[in-house]
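Asker: Prediction below, plus the sequence it came from.
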Amino acid sequence: MESPTENVEFKSYKRKWGILALFTIICMCNGTQWSQYSVVGKVFAFYYNDADLYAIYWTNWIYFISTFFLILPATWLINLKGLQVAITLAMVLNCVGTWIRLLSIDPELFWVALLSQTLISISRVFVVSTPIVLAVTWFKPNQVASACAIGIAGFQLGNGLGILISDAVIHESVRKYEIEYEMSYLYWSTAIAHSIVLLLVFILFRSAPLTPPSKVEAEKSNLMEKKGIFHSIKSLLSNTKFVTLLTISGINQAVFYYTVFGMRYMGDSAEGIEEKYAVTLSATMVLSGALGAIVCGVIFDRTKKLQIFSFVIYAISALAMMVFCLLSSKIRRFNIIFLYINAGILGFSLVGYMPMAYRYATELVYPELEANSSAVFTMGSTFLTFVLGSIFVLFYQIEYYHPNYICWWMSGALIIGCIFLASIFVSINRARRV
């Protein structure tokens, strides 16, 4: 029997690079907001009438909660209405959140700041798992991993810029009016920039090309008719290898995010790594991670050695984490340069694994829709990230518990992840159906 896609002409458009560039900018816009409060948490805690520091950190944690509870409805919308509607809605929420934030410039209005972060965190659910969806929709199979990696790199570039910009603009001061002025400058700049990006989305962004780039993409409509999202979720969660990979990725992300945002607690003394080093070390990890995502994606597209390459990158991250533990436990000026180099390697390998993981996940469960598999994958790994991150924070709260011990716990978790990853074998089923 002749396949319904047998006589379909496949075509790759040059416009895909413009779509990908715009999508990456959207991811950057969202990423810059994530750490805007937490990276200078003490300043904001003082400004908002000595608010609890953990209340400030909720501006960060709300992203995990929104992702876990809302990513499946967001995926349903993507399947129903397409990428254009979902991405436009995401950017509208992002833009509205940045304008609402302007109203929070008042020591009594921290709840407004939290409201703005909540809206921006909701916008994230429409974009966080879509790099692989956009890549498969617009790009040929031999470019999918690279395109997905560039989208993921957008989040990391945004996170890195958010850390550096907040630290550069917002300074500690005993005069609240000085902090207010800096907040106003940062918030107005952010709101205007996001409004420009929203306008570009309305004008330029499209859901899909007129002609699919591959046979896999051409068959998607048939798959959508056969399976609903809930049937797909049941199928995904019954796949042992998929759940194992989800657990491995949850460990990876928990280690990355706790290391980035908990950097200053990981030194040898009670004060941890000096704050002047902590911020730049965090930014080094995040920005090198963006580079790692792109490099790893390109290498996979060239080699197609998915399982071996994923394992090597994950093993490097485990080794780099152990070296990081040793260096940060004896932080002195003579070895700070080595700590920066190692932080770069750690960020490169941890984030470099992420596009490989999404690609790996779609291969394990083919022919499930990428939107469904990446959504469930993101939801599960986000839940594990939140749980493991909370455990790491709990360990830090134990009075007699040395902060550097958490480093070794994270190293052990990554080693366990390596063992699990070695147990998975997958053939490149999707790539064979070009």
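Answerer: That came through, no problem.
Asker: How about the contacts made by the residue positioned nearest the centre of the chain?
Answerer: The residue lying closest to the centre of the chain (Cα atoms, centre = their mean) is residue 155, at 5.5 Å. By Cβ atoms under 8 Å, 6 or more residues apart in numbering, the contact set of residue 155 is 27-28, 30-31, 128. C-betas here are computed from N, CA, C, even on glycine.
Asker: how about the helices of the stretch 251-400 of the chain, start to end?
Answerer: Secondary structure of the stretch 251-400 of the chain, counting by DSSP state H, counting those that start in this stretch: helices at 275-303, 306-329, 336-364, 370-397.
Asker: go on, the stretch 101-250 of the chain?
Answerer: Ranges of helices in the stretch 101-250 of the chain, per DSSP H, counting those that start in this stretch, are 110-124, 131-138, 144-169, 176-204, 215-218, 220-226, 229-237, 240-261.
Asker: picking that back up, and the residue nearest to the centre of the chain, what pLDDT?
Answerer: Per-residue confidence at residue 155 stands at 87 (pLDDT).
Asker: Would you mind listing which of the contacts of residue 155 are buried?
Answerer: Buried subset of those (neighbour count, 16 or more other Cβ atoms under 10 Å): 27-28, 30-31, 128.
Asker: picking up where we left off before, I'd like the helices of the stretch 101-250 of the chain laid out as CSV, including distance to residue 383.
Answerer: Output for those, formatted as CSV (distance: least, Cβ to Cβ, whole Å):
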stretch, distance to residue 383
helix 110-124, 15
helix 131-138, 19
helix 144-169, 18
helix 176-204, 28
helix 215-218, 29
helix 220-226, 26
helix 229-237, 13
helix 240-261, 7
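Asker: Give me the distance between the residue nearest to the centre of the chain and residue 391.
Answerer: To residue 391, residue 155 is 24 Å away according to Cβ to Cβ, to the nearest Å.
Asker: just to revisit the earlier point, out of the buried ones among the contacts of residue 155, which comes closest to residue 135?
Answerer: residue 27 (12.8 Å; Cβ to Cβ).
Asker: residue contacts, the closest residue to that closest one other than its chain neighbours?
Answerer: Among residues not flanking residue 27 along the chain, residue 154 sits closest, at 3.2 Å (Cβ to Cβ, 6 or more residues apart in numbering). Contact analysis of residue 154 by Cβ under 8 Å, 6+ apart lists 23-28, 31, 290.
Asker: Residue 101 now?
Answerer: Counting by Cβ under 8 Å, 6+ apart, residue 101 touches 112-113, 116, 187, 190-191.
Asker: Which residues does stretch 375-390 contact?
Answerer: By Cβ under 8 Å, 6+ apart, the surrounding residues in contact with stretch 375-390 are 61, 64-65, 67-68, 71-72, 74-75, 128-129, 233, 236-237, 242-243, 245-247, 249-255, 257-258, 357-358, 361, 413.
Asker: CA atoms of stretch 24-37 as CSV?
Answerer: Only the C-alpha atoms of stretch 24-37 are listed here, as CSV (Å, rounded to 0.1, in the frame of the first residue of the first chain):
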residue,chain,number,x,y,z
THR,A,24,16.3,32.2,20.2
ILE,A,25,15.7,35.9,21.1
ILE,A,26,12.4,35.0,22.6
CYS,A,27,14.1,32.3,24.8
MET,A,28,16.7,34.9,25.8
CYS,A,29,14.0,37.4,26.8
ASN,A,30,12.4,34.8,29.1
GLY,A,31,15.8,33.6,30.4
THR,A,32,16.9,37.1,31.5
GLN,A,33,14.0,37.4,33.9
TRP,A,34,14.5,34.1,35.7
SER,A,35,17.4,35.2,37.9
GLN,A,36,16.9,38.9,37.9
TYR,A,37,15.8,39.0,41.6
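Asker: picking that back up, list only those of the contacts of residue 101 flagged as buried.
Answerer: 112-113, 116, 187, 190-191.
Asker: where are the low-confidence patches of the stretch 1-150 of the chain?
Answerer: Along the stretch 1-150 of the chain, the model assigns pLDDT under 70 to residues 1-10.
Asker: Could you rerun that using 80?
Answerer: Residue ranges of the stretch 1-150 of the chain with pLDDT under 80: 1-13, 50-54.
Asker: In PyMOL, select just the buried ones from the contacts of stretch 375-390.
Answerer: In PyMOL syntax, the buried subset of the contacts of stretch 375-390 is picked out as below (16+ other Cβ under 10 Å):
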select buried, resi 61+64+67+68+71+72+74+75+128+129+233+236+242+243+245+246+247+249+250+251+252+253+254+255+257+258+357+358+361+413
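Asker: could you list every residue that touches residue 164?
Answerer: 279, 283.
Asker: What distance do you get for it to residue 34?
Answerer: Distance from residue 164 to residue 34, counting by Cβ to Cβ: 13 Å.
Asker: again, but for residue 75
Answerer: As defined by Cβ to Cβ, residue 75 lies at a distance of 21 Å from residue 34.
Asker: Please identify the helix or strand for the nearest residue to residue 53 once chain neighbours are set aside.
Answerer: Excluding its sequence neighbours, the residue lying closest to residue 53 (Cβ to Cβ, 6+ apart) is residue 45, at 5.0 Å. Residue 45 belongs to helix 41-47 when elements are defined using DSSP states H and E.
Asker: Give me the residues contacting that helix.
Answerer: In contact with helix 41-47 (Cβ under 8 Å, 6+ apart) are residues 37, 51-53, 55-57, 107, 113, 170-173, 176, 179-180, 183.
Asker: From those residues, list the buried ones, please.
Answerer: Of these, these count as buried by 16+ other Cβ under 10 Å: 37, 51, 55-57, 113, 170, 179, 183.
Asker: Mean confidence (pLDDT) on stretch 231-249, please.
Answerer: 84.
Asker: oh sorry, the question was meant for stretch 293-308
Answerer: Stretch 293-308 carries an average pLDDT of 82.
Asker: contact partners of that stretch?
Answerer: With Cβ under 8 Å, 6+ apart as the test, stretch 293-308 has contacts from 142-150, 152-153, 156, 309, 313, 348, 351-356, 359-360, 363, 424-426, 428, 431.
Asker: CA atoms of stretch 38-55 as PDB?
Answerer: These are the backbone C-alpha positions of stretch 38-55, laid out as PDB (Å, rounded to 0.1, in the frame of the first residue of the first chain):
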ATOM      1  CA  SER A  38      17.700  36.000  43.100                       C
ATOM      2  CA  VAL A  39      21.200  37.000  41.900                       C
ATOM      3  CA  VAL A  40      21.000  40.100  44.000                       C
ATOM      4  CA  GLY A  41      18.600  38.700  46.500                       C
ATOM      5  CA  LYS A  42      20.000  40.500  49.500                       C
ATOM      6  CA  VAL A  43      19.500  43.900  47.800                       C
ATOM      7  CA  PHE A  44      15.900  43.200  47.000                       C
ATOM      8  CA  ALA A  45      15.300  41.700  50.500                       C
ATOM      9  CA  PHE A  46      16.500  45.000  52.000                       C
ATOM     10  CA  TYR A  47      14.500  47.200  49.600                       C
ATOM     11  CA  TYR A  48      11.200  45.400  50.200                       C
ATOM     12  CA  ASN A  49      11.300  46.200  53.900                       C
ATOM     13  CA  ASP A  50      13.700  43.400  54.900                       C
ATOM     14  CA  ALA A  51      11.700  40.700  53.200                       C
ATOM     15  CA  ASP A  52      12.600  37.100  53.900                       C
ATOM     16  CA  LEU A  53      15.400  36.100  51.500                       C
ATOM     17  CA  TYR A  54      13.500  32.900  50.700                       C
ATOM     18  CA  ALA A  55      10.600  35.000  49.600                       C
END
